[in-house]
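Engineer: Pasting the sequence and the predicted model now:
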Amino acid sequence: MRISQQMLIGNLTNRIYNTQDSYLSSQEKLSTGKKVNRASDAPISAEKIMEITTKDSDYEQLNENIRYTKDLLDSSEAQVSRGITVLQSMRELATRMANDTVSEQDRTDAISAVNQALEEMLSIANSKHNGRYLFSGTTDNIEPFDPTNYQYNGNNDIREVDIYDNLRIDQNMPGSDIFTNTNNGTVNIFKSLTDFRTALQNNDGDNIQHALTTLEDSREQLSKARTIIGHSNNKLEVTIEVLAVNQSINSTARADLEDVDIAKETTNLSKYQQILEANYALVSKTQGLSLLKYL
């Protein structure tokens, strides 16, 4: 079969177009640093990259959930720790007041100390984080404890949040669990303090002695709450580490699929440029045309 000049030019032209496409693709890869800039570049890789992107978005949302929840739990734990300190101080006071040799002034001073403890405990129970009440259940816009009678006005509900695949965690503990003898609580801490105050006012030795038990029970109830919150915080910290590992794995997988080999692509670009120049010269020579005229 005789190969005409027309066929030769046609073949050269097709080669030029194909090489131009490769040259422009190589330029784009070097410019973006990515070897997959659109799905058509590598459909299978593009699909895998999309899956990684979706998973990364999920992980970022889980990290945001964890950060917010950890802030809440850290604040709750700090407030409960304050309460434990208050009750420890009150138990030490009750131990001193159980002595028959205390004076009237000692009891007066002790009553004042209990009043201050009640105020601080109320402040703890009604504490806020970012403008929302910590211990009112899910009704975090309602002040949980009435300042006049210490009545609990929140609910007993717990707010859960996703922190990992099929793993949820409690964001809060209702005040009824922590400060009262309802729901999961067994001691009304405010009653323990007010009963102790009444016993001091009446110089009632038996009930002052009884306060040693109720105040210790109150302290243990807060310690239990702190332990529960601490366990939740530990879960969050472990999950943060797991998510970090997963995100690192995803980052490596994405880089393998997406990141261009600069040295290799630079070599490719040079190669395509040389091929183009050679083909331009061949076409120009074949047709007797300059490269400028050809283009």
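Structural biologist: Ah, there it is. Numbers count the residues shown, from 1 in each chain.
Engineer: What's the local residue count around residue 61?
Structural biologist: Neighbours of residue 61 under the rule other CB atoms under 10 Å: 11. No exception for glycine: its C-beta is placed from N, CA and C like everyone else's.
Engineer: And it, which helix or strand is it part of?
Structural biologist: Remark: residue 61 resides in helix 43-97, with elements defined by DSSP states H and E.
Engineer: Test of understanding: give the bridge partners of residue 170.
Structural biologist: residue 160 (DSSP bridges).
Engineer: all strands of the stretch 151-295 of the chain, in order?
Structural biologist: Secondary structure of the stretch 151-295 of the chain, counting by DSSP state E, counting those that start in this stretch: strands at 160-164, 167-170.
Engineer: Looking at the longest one now, give me its mean pLDDT.
Structural biologist: The pLDDT scores in strand 160-164 average 95.
Engineer: ok, back up a step: of all the strands of the stretch 151-295 of the chain, which lies closest to residue 234?
Structural biologist: Between residue 234 and the strands of the stretch 151-295 of the chain, the tightest spacing by CB to CB is seen for strand 167-170, at 10.7 Å.
Engineer: May I see the strands of the stretch 151-295 of the chain arranged in TSV, with mean neighbour count as well?
Structural biologist: As requested, the strands of the stretch 151-295 of the chain are arranged in TSV below (neighbours: other CB atoms under 10 Å):
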stretch	mean neighbour count
strand 160-164	17
strand 167-170	15
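Engineer: could you dump the ones you listed to a markdown table with distance to residue 216?
Structural biologist: Output for those, formatted as a markdown table (distance: least, CB to CB, whole Å):
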| stretch | distance to residue 216 |
| --- | --- |
| strand 160-164 | 32 |
| strand 167-170 | 27 |
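Engineer: out of the ones you listed, which comes closest to residue 153?
Structural biologist: With distances scored as CB to CB, the stretch of the strands of the stretch 151-295 of the chain nearest to residue 153 is strand 167-170 (20.6 Å).
Engineer: Please enumerate residues in contact with the closest one?
Structural biologist: 69, 158-163, 232, 235-236, 239 (CB atoms under 8 Å, 6 or more residues apart in numbering).
Engineer: Dihedrals phi and psi, residue 154?
Structural biologist: phi -80, psi -170 (degrees, to the nearest 10).
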